[in-house]
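>>> what shape does this take:
(chains A, B and C)
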Amino acid sequence: MLRQIIQHLEIATRGRGFYDLTDQVAGILEKSGLKTGVATLHLQHTSASLLIQENADPEVRRDLERIFSRLAPDGDPIFQHTAEGDDDMPAHVRTALTAVNLSIPFERGALTLGTWQGIYLWEHRRHAHRRRVTVHLLGE
Amino acid sequence: MLRQIIQHLEIATRGRGFYDLTDQVAGILEKSGLKTGVATLHLQHTSASLLIQENADPEVRRDLERIFSRLAPDGDPIFQHTAEGDDDMPAHVRTALTAVNLSIPFERGALTLGTWQGIYLWEHRRHAHRRRVTVHLLGE
Amino acid sequence: MLRQIIQHLEIATRGRGFYDLTDQVAGILEKSGLKTGVATLHLQHTSASLLIQENADPEVRRDLERIFSRLAPDGDPIFQHTAEGDDDMPAHVRTALTAVNLSIPFERGALTLGTWQGIYLWEHRRHAHRRRVTVHLLGE
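As a prediction, the model looks like this:
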């Protein structure tokens, strides 16, 4: 019979970079006992993202930082919203260019992620932040 | 017991810019009587986006316009698809760089949005358009 | 009564470009007999995307290729992760800039896509690949 659970993750970031959430989400799924269904993740912020990306070579994540820093450079004079620092508006742009929610089906009690896929919180601010992610599971 | 509802919003835009849908979606949720579940929003167009972004300083949205105009400039000679005007293809690019669907869990009858998150329809065409959004709620 | 089904699509790509999945997803929906609900699609890779885009003029897709090639050029010296070729890291960037999952409500047995919307697998690698997409349907 279909049922749902909803939980929240609190992630303490240490500034700009990628934080792997895959095991935490898989852990919530395992504890739920649900075998088939869909997981919905929502990040409650607008200066960080949820991203599914390559989980093998860490150079991929460093290259993503480099190219996004080119697409939306810190301190770019195009930005007027600078009250919180020169990484504030670039963080909003990186969030707009990626996403704050993900929907991932699961079966046999496991997320249907590919071999090389990890679920990341991508912190875009240079300082440490506390980030909150809603995890909703619906299935049977 | 789990149940679902599906409704459609019609949004009359007045050209390029952000249109806040947060209250309309929250209103549908409230009327549904559902307390816990997931909301799925889908925009039925390819030259506008659904975006969760900062709802406080309007300068953030103006900066987003500026940077996206740099990433995909109106009238850029790279574009061949120009039949509908020089903002046509940039609108498709902005849509590809953002999203047309969102999935947001809710609990206690409220979307689990962060304090600074609003749900926006981002119109990318310079002229007024009528835009259609499907709102699907599943929960109990 | 609400029920769900989960299936997998295998897509053989012939290198960079757009592959229309709309009919395959609509076919799974039709066979399921479900009339109202939500479809969740997840691509199990990090160098290709799922994208809803214009399905009429193929020039739109060619323009998308051109602008994404400018945003993340093959062989750009900014990239360190080049082991699999000069289109490897640009493929990850294109994936980050778009999405690997989509959530689309359906009613009366049809996806609530707009007239001009198609569901595409966007292959970002220049060589042929086999791509796997999870299709989850939940509804009644």
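
>>> could you use CA atoms for every contact and neighbour count after this?
OK.

>>> and the average pLDDT for stretch A:126-140 is what?
The average pLDDT within stretch A:126-140 is 98.

>>> buried stuff in it?
A:126, A:129, A:131-140 (16 or more other C-alpha atoms under 10 Å in any protein chain shown).

>>> then stretch A:91-111?
A:91-107, A:109-111.

>>> and if you look at stretch A:38-51?
Applying 16+ other C-alpha under 10 Å to stretch A:38-51 flags A:38-51 as buried.

>>> chain B: which of those residues is nearest?
residue A:44 (4.2 Å; C-alpha to the nearest C-alpha).

>>> beta-bridge partners for residue A:122, please?
residue A:18, residue A:49 (DSSP bridges).

>>> what about it, how many neighbours?
26 (other C-alpha atoms under 10 Å in any protein chain shown).

>>> same question, residue A:70
13.

>>> regarding it, what is its secondary structure?
Here residue A:70 is recorded as helix under DSSP: H, G, I helix; E, B strand; the rest coil.

>>> quick one: pLDDT of it?
Predicted confidence (pLDDT) for residue A:70: 98.

>>> tell me which element the residue nearest to residue A:79 when sequence neighbours are not counted falls in.
Of all residues not flanking residue A:79 in the chain, residue B:63 sits nearest, at 5.6 Å (C-alpha to C-alpha, 6 or more residues apart in numbering or on different chains). Using DSSP states H and E, residue B:63 sits within helix B:58-71.

>>> buried stuff in that helix?
Quick answer for helix B:58-71 (16+ other C-alpha under 10 Å): B:60-61, B:63-65, B:67-68, B:71.

>>> could you dump these to JSON lines with distance to residue C:118?
Below are these laid out as JSON lines (distance: C-alpha to C-alpha, whole Å):
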{"residue": "B:60", "distance to residue C:118": "31"}
{"residue": "B:61", "distance to residue C:118": "28"}
{"residue": "B:63", "distance to residue C:118": "30"}
{"residue": "B:64", "distance to residue C:118": "26"}
{"residue": "B:65", "distance to residue C:118": "26"}
{"residue": "B:67", "distance to residue C:118": "27"}
{"residue": "B:68", "distance to residue C:118": "23"}
{"residue": "B:71", "distance to residue C:118": "24"}
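
>>> what residues are up against residue A:92?
A:46-48, B:53-54, B:60 (C-alpha atoms under 8 Å, 6 or more residues apart in numbering or on different chains).

>>> likewise for residue A:80?
By C-alpha under 8 Å, 6+ apart, the neighbours of residue A:80 are B:59-60, B:63.

>>> wait, a helix at it?
No: applying three-state DSSP, one finds residue A:80 to be coil, outside a helix.

>>> phi and psi next, for it.
Main-chain dihedrals, residue A:80, degrees, to the nearest 10: phi -100, psi -30.

>>> and stretch A:92-112, how far apart are its ends?
29 Å (C-alpha to C-alpha, to the nearest Å).

>>> so how far is that stretch off the chain centroid?
Relative to the centre of its chain, stretch A:92-112 is centred 7 Å away, using C-alpha atoms, centre = their mean, to the nearest Å.

>>> any idea of the mean pLDDT in stretch A:23-30?
On average, stretch A:23-30 scores 98.

>>> which one of the buried residues of stretch A:126-140 is nearest to chain C?
residue A:139 (8.1 Å).

>>> now the nearest residue to that closest one once chain neighbours are set aside: phi and psi?
Spatial nearest neighbour of residue A:139, excluding adjacent residues (C-alpha to C-alpha, 6+ apart): residue A:37 at 3.9 Å. Backbone dihedrals for residue A:37, given as degrees, to the nearest 10, come out at phi 160, psi -150.

>>> for the one 5 residues further on, same thing?
According to degrees, to the nearest 10, the main-chain angles of residue A:42 amount to phi -130, psi 130.

>>> now do the contacts for the residue of chain A found nearest chain C.
Nearest residue of chain A to chain C (C-alpha to the nearest C-alpha) works out as residue A:114 at 4.2 Å. Counting by C-alpha under 8 Å, 6+ apart, residue A:114 touches C:43-45.

>>> out of these, which sit inside strands?
Using DSSP state E, residue C:43 are the members of the contacts of residue A:114 that sit in strands.

>>> so which of the contacts of residue A:114 also contact chain A?
Restricting the contacts of residue A:114 to those near chain A by C-alpha under 8 Å from any C-alpha of the partner chain leaves C:43-45.

>>> and the strands in chain A?
Going by DSSP E, chain A shows strands at A:3-12, A:17-20, A:37-43, A:48-54, A:101-107, A:110-111, A:117-123, A:130-139.

>>> what mean pLDDT does the fifth one get?
The average pLDDT within strand A:101-107 is 98.

>>> check the third one too.
The predicted model assigns strand A:37-43 a mean pLDDT of 98.

>>> quick check: bridge partners of the closest residue to residue A:8 other than its chain neighbours?
With C-alpha to C-alpha, 6+ apart as the measure, residue A:134 is the residue that lies nearest to residue A:8, at 4.6 Å, once sequence neighbours are left out. Counting by DSSP bridges, residue A:134 forms beta bridges with residue A:8, residue A:42.

>>> just checking, residue A:134 touches residue A:42?
Yes: here residue A:134 reaches residue A:42: they are 5.0 Å apart, a contact under C-alpha atoms under 8 Å.

>>> interface residues of chain A facing chain B?
Residues of chain A lying near chain B (C-alpha under 8 Å from any C-alpha): A:2-4, A:6, A:40-46, A:71-72, A:78-81, A:89, A:92-93, A:96-103, A:134-136.

>>> up against chain C, what does chain A have?
A:2, A:37-38, A:51-54, A:57, A:59-60, A:63-64, A:66-67, A:71, A:97-99, A:102-105, A:107, A:112-117.

>>> list the contacts of the residue nearest to residue A:8.
Counting by C-alpha under 8 Å, 6+ apart, residue A:134 has contacts A:6-9, A:40-44, B:105, B:112.

>>> next, count neighbours for residue A:84.
The number of residues near residue A:84, taken as other C-alpha under 10 Å, comes to 8.

>>> center of chain A - which residue?
residue A:50 (2.0 Å; C-alpha atoms, centre = their mean).
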